[in-house]
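Novice: Let's see this in three dimensions:
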Amino acid sequence: MFKEELFGKEYFEEGKGLKSKRVYNWENMAVFFKVISDAIINVIKPAAVLDVGCAKGYLVSLLNEYGIDAYGVDISSYAVSMSQGNIKNKLKVVDIEKDSMPFTDSQFDLVVILEVLEHLSRFDHLLNEAKRIVKKGGHILITTPSPWGRHARADATHISVHKRSFWIELFRRHGLLLVRADDALWRDFKSAFLKRFNKEMDSNLPSTVIAKIFIRMGKIGKSIRNNLFPWVDFFSPLCSDQILLFKKA
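Specialist: Residues are numbered from 1 along each chain as shown. Next up is the predicted model:
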């Protein structure tokens, strides 16, 4: 089966291949995209962004609302067709494992690749293209499941789940260097991400059993849930999902 067929209507609307059968809609994705867009806008402050694996274009739409010239590419013609009308012309159907990106050299300040790499069997073409279209001194932001995380095997199309060290070395070979933990940009990004996540969790009901237990503990439990859970999930040594920021030297 071709990959475009894997990521059709059944994948996005029925959760085909997902253990949770979670539907890909704004209601289910809003928290993540609000959090990540807030950190991008207020810390990285790009003028132009490409979202690789944009699906229905939720992040592209948010960034454009804040005046950022954002575009998206995705292998799924179905997902792109379901995007909002005001951004349809900014989304392109592209097979990122083999197609050239329809953008000029050094067009973007930031390329984001969120929850995409684990679906790929080859990376070199994508990273060469990402390096070509991002400006010198620009950044590439990725998120991808950790091998031990709960999302690693939650999707039948997750065929490339690797440790942090694998991604760092892969990107380094393509001239894309990790923004390290002691870099001010990373510290500010992490802080903005966690602050916004705290705010979003405060206004969203808990969905897991353990989260509900913490809520029943009152203010202390709620604080632990809002502050500890996002840090454990995204930034701790045991993180379920990795967030890495790279810079084009």
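
Novice: where in the chain is pLDDT low?
Specialist: Residue ranges of the chain with pLDDT under 70: 1-4, 202-218, 221-227.

Novice: Now do the domain split for it, please.
Specialist: Domain ranges of the chain: 3-191+239-248, 194-231, per automatic domain parsing.

Novice: which of these sits most buried?
Specialist: Highest mean neighbour count of the domains of the chain: domain 3-191+239-248, a mean of 18 (counted as mean count of other Cβ atoms under 10 Å). (Each C-beta comes from the backbone N, C-alpha and C, glycine too.)

Novice: Confirm that residue 50 sits in a helix.
Specialist: No. The assignment for residue 50, made by DSSP: H, G, I helix; E, B strand; the rest coil, is strand rather than a helix.

Novice: Use 729 as the first number from now on
Specialist: Sure thing, new numbering starts at 729, so read that last one as residue 778.

Novice: Contacts only, for it.
Specialist: For residue 778, the contact set (Cβ atoms under 8 Å, 6 or more residues apart in numbering) comprises 798, 799, 800, 801, 829, 831, 835, 836, 838, 839, 840, 861.

Novice: try it again with 7 Å
Specialist: 799, 831, 836, 839, 861 (Cβ atoms under 7 Å, 6 or more residues apart in numbering).

Novice: can you check residue 748 too?
Specialist: Contacts of residue 748 by Cβ under 7 Å, 6+ apart are residue 882.

Novice: Need the CA coordinates for the host helix or strand of residue 860. PDB is fine.
Specialist: Element membership of residue 860 [criterion: DSSP states H and E] is helix 852-861. Extracted in PDB, the C-alpha atoms of helix 852-861 (Å, rounded to 0.1, in the frame of the first residue of the first chain):
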ATOM      1  CA  ASP A 852      18.200  11.800   3.900                       C
ATOM      2  CA  HIS A 853      16.100  13.400   1.200                       C
ATOM      3  CA  LEU A 854      13.900  15.200   3.700                       C
ATOM      4  CA  LEU A 855      16.800  16.600   5.700                       C
ATOM      5  CA  ASN A 856      18.700  17.700   2.600                       C
ATOM      6  CA  GLU A 857      15.500  19.600   1.500                       C
ATOM      7  CA  ALA A 858      14.900  21.000   5.000                       C
ATOM      8  CA  LYS A 859      18.500  22.300   5.100                       C
ATOM      9  CA  ARG A 860      18.100  23.800   1.600                       C
ATOM     10  CA  ILE A 861      15.000  25.800   2.400                       C
END
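
Novice: Mind listing residues that contact the helix or strand that it is followed by?
Specialist: Following helix 852-861 in sequence order, the next helix or strand is strand 862-873 (DSSP H and E). Residues outside strand 862-873 that contact it (Cβ under 7 Å, 6+ apart): 772, 834, 836-843, 845-846, 858, 879-880, 886, 889, 895, 904, 968-976.

Novice: how about the strands in this structure?
Specialist: 776-780, 797-802, 819-821, 836-842, 862-873, 904-906, 969-976 (DSSP state E).
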